[in-house]
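Novice: no sequence for this one, just the structure:
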């Protein structure tokens, strides 16, 4: 009987990679493929993208996984192609057509004016094909069983909607929105306001928090080519530093003595600190990123998510 093959060794990798996720891959599958290329011991992704969607997917490795939560709350920007005249079971082109409606030019001519009615705080009913849970079970699992349950509406914010192009039954719209926004639901609601139905034909994420697709964002083929030529370590220069996702938080610098107490989990007084409740970036000597802190009511800064120690 042959012995099992040895398990591939994983290495410590710290940093953030901006992936241009390809069509057809789930976010988790994309993460696992990139993690395999890096040989990374630990990884996570921020802001799930459906297999149908493409575009910006930040991947966090090593200590950077500690900042994933800060990105989950970030605003996002998408480019969506809406196809009017057909509503599908999933809200996108992968589902079955369950309803048809008019898609005539006079009706769709009102799309630009209709978009303005959806800017601001709006209530959305999440789609059945979503990862939200009902009594402990994912909604999409219930949907696949042919079940539909009541879902409470959720308040989201649409910062802006811009009509980029329109041709026959299709329109391309740029959506800048808060976390928790379902673009599929937005497209369906827009169609209802126009007296018809629609679904998402394609979806591409352009921005997430401080990151944009126009930055150093890499596709799977490009990553594979680098790894094939130089091995896993050749990919390391493509990583952004741990604090790249946190630049919108104020920064505080501490000396080695205060850094020691922070690493022990103790709050410390830092001169010229923000007001109570503020989340801050903490840096030690030589601009070493220590992690995240929170200002307390008594003026001290408490460590919250430290990268080391």
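Specialist: That came in fine, so what should we check first? No experiment lies behind these values; they were computed from the predicted model shown. Residues are numbered from 1 along each chain as shown.
Novice: Run through the stretch 1-150 of the chain and note the low-pLDDT ranges.
Specialist: 1-8, 128, 130-132, 134-135, 139-140, 143, 145 (pLDDT under 70).
Novice: what about 80?
Specialist: For the stretch 1-150 of the chain, the stretches flagged by pLDDT under 80 are 1-9, 47, 127-150.
Novice: Where do the strands of it begin and end?
Specialist: 15-21, 43-45, 53-61, 76-84, 86-88, 97-100, 120-124, 133-134, 137-138 (DSSP state E, counting those that start in this stretch).
Novice: Against which helices or strands is the fourth one packed?
Specialist: Contacts of strand 76-84 with other secondary structure elements, assessed using 3 or more C-beta pairs under 8 Å, 6 or more residues apart in numbering; DSSP states H and E, are made with strand 170-177, helix 183-193, strand 198-208. C-beta coordinates here come from the backbone N, C-alpha and C atoms, glycine included.
Novice: For it, give me every contacting residue.
Specialist: Outside strand 76-84, the residues within contact range by C-beta atoms under 8 Å, 6 or more residues apart in numbering are 47, 55, 93, 101, 103, 108, 164, 169-179, 181, 183, 187, 190-191, 194, 196-209.
Novice: Just want the angle from it to helix 183-193.
Specialist: 50 degrees (axes from the mean of the first three to the mean of the last three C-alpha atoms, to 10 degrees).
Novice: Strand 76-84 pairs with which strands?
Specialist: strand 170-177 (antiparallel), strand 198-208 (antiparallel) (DSSP bridges).
Novice: same deal with the last one?
Specialist: Based on DSSP bridges, the pairing partners of strand 137-138 within the sheet are strand 133-134 (antiparallel).
Novice: try the third one
Specialist: Based on DSSP bridges, the pairing partners of strand 53-61 within the sheet are strand 15-21 (antiparallel), strand 43-45 (antiparallel), strand 198-208 (parallel).
Novice: How about the fifth one?
Specialist: Using DSSP bridges, the neighbouring strands of strand 86-88 in the sheet come out as strand 97-100 (antiparallel).
Novice: what's in contact with the partner strand?
Specialist: With C-beta under 8 Å, 6+ apart as the criterion, strand 97-100 contacts 85-89, 197.
Novice: The residue nearest to residue 164 when sequence neighbours are not counted: neighbour count?
Specialist: In space, and not counting its chain neighbours, residue 164 is closest to residue 172: 4.4 Å by C-beta to C-beta, 6 or more residues apart in numbering. Residue 172: 17 surrounding residues under other C-beta atoms under 10 Å.
Novice: Mind listing the residues bridging to residue 172?
Specialist: Residue 172 forms beta bridges with residue 81, residue 165, as assigned by DSSP bridges.
Novice: picking up where we left off before, of all the helices and strands packed on strand 76-84, which one comes closest to residue 64?
Specialist: Among the helices and strands packed on strand 76-84, the nearest to residue 64 by C-beta to C-beta is strand 198-208 (14.5 Å).
Novice: Geometric centre of the chain: which residue is closest?
Specialist: For the chain, the residue nearest the mean C-alpha position is residue 47 (2.2 Å; C-alpha atoms, centre = their mean).
Novice: Which residue, other than its chain neighbours, is closest to residue 115?
Specialist: Per C-beta to C-beta, 6+ apart, closest to residue 115 is residue 161, 4.2 Å.
Novice: before we move on, what about residue 275?
Specialist: Using C-beta to C-beta, 6+ apart, the closest residue to residue 275 is residue 295 (6.5 Å).
Novice: ok, which stretches of this structure are helices?
Specialist: Secondary structure of the chain (DSSP state H): helices located at 27-38, 68-72, 105-108, 111-116, 139-144, 183-193, 220-230, 256-263.
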